[in-house]
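In: next comes the sequence, and after it the predicted model I'd like to discuss.
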Amino acid sequence: MIKQDVYDEVQGLEPLCQEICHTLWNHPELSGNERESANFLRKILSEEGFTIENNEHLEHAFIAEYGKGKPVIAILGEYDALPGLSQKADIKKEMVSEDGVGHGCGHHMLGAAATTAVIAIKRFLEKGKQKGTVRFYGCPEEELLSGKVKMAYHHMFDGCDAAVSWHPSDTNMAHDQAYLANASAHFYFHGVSSHAAFAPEQGRSALDAVELMSVGANYLREHVIDRTRIHYSTDSGGFAPNIVPDQASAWYFVRAPHMKDVKSTMERLKKVAQGAAMMTETTVDIEMGCGCCELSTNEAFADLAYANLIEADGPKYTKEELRFAKELQKTVEQGIIEKGKNLHQVYDEAMILGVSPRDKWKEAELSASSDTGDVSRIMPTCLFTTACWPIGCSPHTWQATASGGTSIGDKGALYASKVAAGIVYDLFTKPQVLVKITKEFRERNKEPYTPMYEE
């Protein structure tokens, strides 16, 4: 079975890829609650002949495996959605569901493409004499940056030789650049309630502490290394203005190029919280969440991903699809669109129609984080993107949800499936390539890996 046969297998699975895309898009589930999505993919892969391995600690995570012996190659799949991003597949902003959940990061396409790719590789393995094992990893909670960290903690990635990952985007690109490392923490402030007018001197406001912590965090942002990000939100802070709030909390993320920078910044942020508590005569409890590593880059693996982006047939869009993309693009701030057009040097069309040059990633800074970074510390991992929404559109927007629910998203997912399957085919049939990738991985990852997670 030659490589074109694998591409043909993926093409023949287009109806299945579309079915998965549409089913997950129409039934979005938040991180940690992906019950139906995980079960849907388990059923498809089980019926295809994969062995399903669940984990008692992670209800919505699973492994689907087929084959025998080495190498063991993984394709990573995700399927969680986001709050507040429910949206019709339309150019007008309009929610579909009352709960507001929607696939604004395209993980329905990510799960669909990975599923389709492993099925194509399974059929390649069963038809030929090639030895090896392919695994689909069902990975929940990516939006919480925790799912793969927990999976690593429970040794679900043990025994794997390499992993293929991809993500929906506005471009077709192989990435050398790393995702940022990230850590999460909740800060719970406790004060004393009182009548805000009758006895204000008796109150100790936990909400004041949250606000003062925010002020301190703002000043801290000036004194951290480049590319460090400090984000926060608060989900509590009192009941009525005439009651001094005795409980309030804040949730912070810290991102930086390396985990050591994240940890040092987080320690400083803890001192800011303690200072806010001291100023307000409140107390603070700090609850650390999961932390995820930066993506450990692998040039040889990125070269392989780029070669397959070139080799696989990219999407061909209809006039209607290009018209939809252009209209959707108009709903985004034009300065952002112009930045995207200038980056990719595409000015006439709203969709990328080719593959970005190999070194284009240097101009397309990745300031986000992903728990895929932890996988990349365990085994060689590649990352590529395919265009699933118009140039300049961003993930975590209603425009991304809208485009991901159309045939534009379907085509981006099918293209990603071909690329992923092509990469795995090469790893099976060109052992010298895997040797080179593994050597680079070992040279870059000499320090032992420990998940930033405790139960």
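Out: Arrived safely, thanks for sending. Numbering: from 1, shown residues only.
In: where do the strands sit along the stretch 301-450 of the chain?
Out: With DSSP state E, counting those that start in this stretch applied, the stretch 301-450 of the chain shows strands at 381-387, listed in chain order.
In: I should have written the stretch 1-150 of the chain there, sorry.
Out: Under the criterion DSSP E, counting those that start in this stretch, the stretch 1-150 of the chain carries strands at the ranges 51-55, 58-68, 72-78, 132-139.
In: distance to residue 170 added to these, as CSV?
Out: All C-beta spots, glycine's among them, are computed from the backbone N, C-alpha and C. Converted to CSV, the strands of the stretch 1-150 of the chain look like this (distance: least, C-beta to C-beta, whole Å):
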stretch, distance to residue 170
strand 51-55, 34
strand 58-68, 29
strand 72-78, 19
strand 132-139, 23
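In: could I get the full set of helices for the chain?
Out: Secondary structure of the chain by DSSP state H: the helices cover 3-12, 14-26, 35-48, 107-127, 147-153, 206-220, 259-280, 299-311, 319-329, 334-344, 372-378, 398-404, 407-429, 431-444.
In: tilt between the longest one and helix 319-329?
Out: Computed with axes from the mean of the first three to the mean of the last three C-alpha atoms, to 10 degrees, the direction of helix 407-429 lies at 100 degrees from that of helix 319-329.
In: next, the angle from helix 407-429 to helix 107-127.
Out: 40 degrees.
In: closest to residue 235 out of the strands of the stretch 1-150 of the chain?
Out: With C-beta to C-beta as the criterion, residue 235 lies closest to strand 58-68 of these, at 23.1 Å.
In: distance from the chain centre to the closest one, please.
Out: Put simply, strand 58-68 sits 19 Å off its chain's centre (C-alpha atoms, centre = their mean, to the nearest Å).
In: relative to residue 64, which of the helices of the chain is closest?
Out: Each of these has some distance to residue 64 by C-beta to C-beta; the shortest is helix 35-48, at 3.9 Å.
In: for that closest one, packing partners?
Out: Under the contact criterion of 3 or more C-beta pairs under 8 Å, 6 or more residues apart in numbering; DSSP states H and E, the helices and strands touching helix 35-48 comprise helix 14-26, strand 51-55, strand 58-68, helix 107-127, strand 132-139.
In: pLDDT on the third one, on average?
Out: Meaning strand 58-68. Mean pLDDT, taken over the full extent of strand 58-68, equals 98.
In: what comes into contact with it?
Out: By C-beta atoms under 8 Å, 6 or more residues apart in numbering, the list of residues contacting strand 58-68 from outside reads 32-35, 37-38, 41-42, 45-46, 49-55, 118, 122, 125-126, 131-141, 147, 150-151, 154, 156.
In: drop anything exposed from the residues you listed.
Out: Members of those that pass the buried threshold by neighbour count (16 or more other C-beta atoms under 10 Å) are listed as 32-34, 37-38, 41-42, 45, 50, 118, 122, 125, 132-141, 147, 150-151, 154, 156.
In: surely residue 344 touches residue 356?
Out: Yes. Between residue 344 and residue 356 a contact is recorded at 6.6 Å, counting by C-beta atoms under 8 Å.
In: tally of neighbours for residue 186?
Out: Burial of residue 186, expressed as a neighbour count using other C-beta atoms under 10 Å, amounts to 14.
In: that one and residue 290 touch, don't they?
Out: No. The pair residue 186 and residue 290 does not pass the contact test of C-beta under 8 Å, sitting 11.7 Å apart.
In: quick check: bridge partners of the nearest residue in space to residue 45 that is not next to it in sequence?
Out: Setting aside the residues directly before and after it, residue 45 is nearest to residue 64 in space (C-beta to C-beta, 6 or more residues apart in numbering), at 3.9 Å. The residues paired with residue 64 through beta bridges, assigned by DSSP bridges, are residue 52, residue 136.
In: quick revisit: relative to residue 229, which of the helices and strands packed on helix 35-48 is closest?
Out: Shortest distance between residue 229 and the helices and strands packed on helix 35-48, using C-beta to C-beta, is found for helix 107-127: 21.5 Å.
In: who are the contact partners of residue 424?
Out: Residue 424 sits in contact with 73, 75, 117, 121, 134, 164, where contact means C-beta under 8 Å, 6+ apart.
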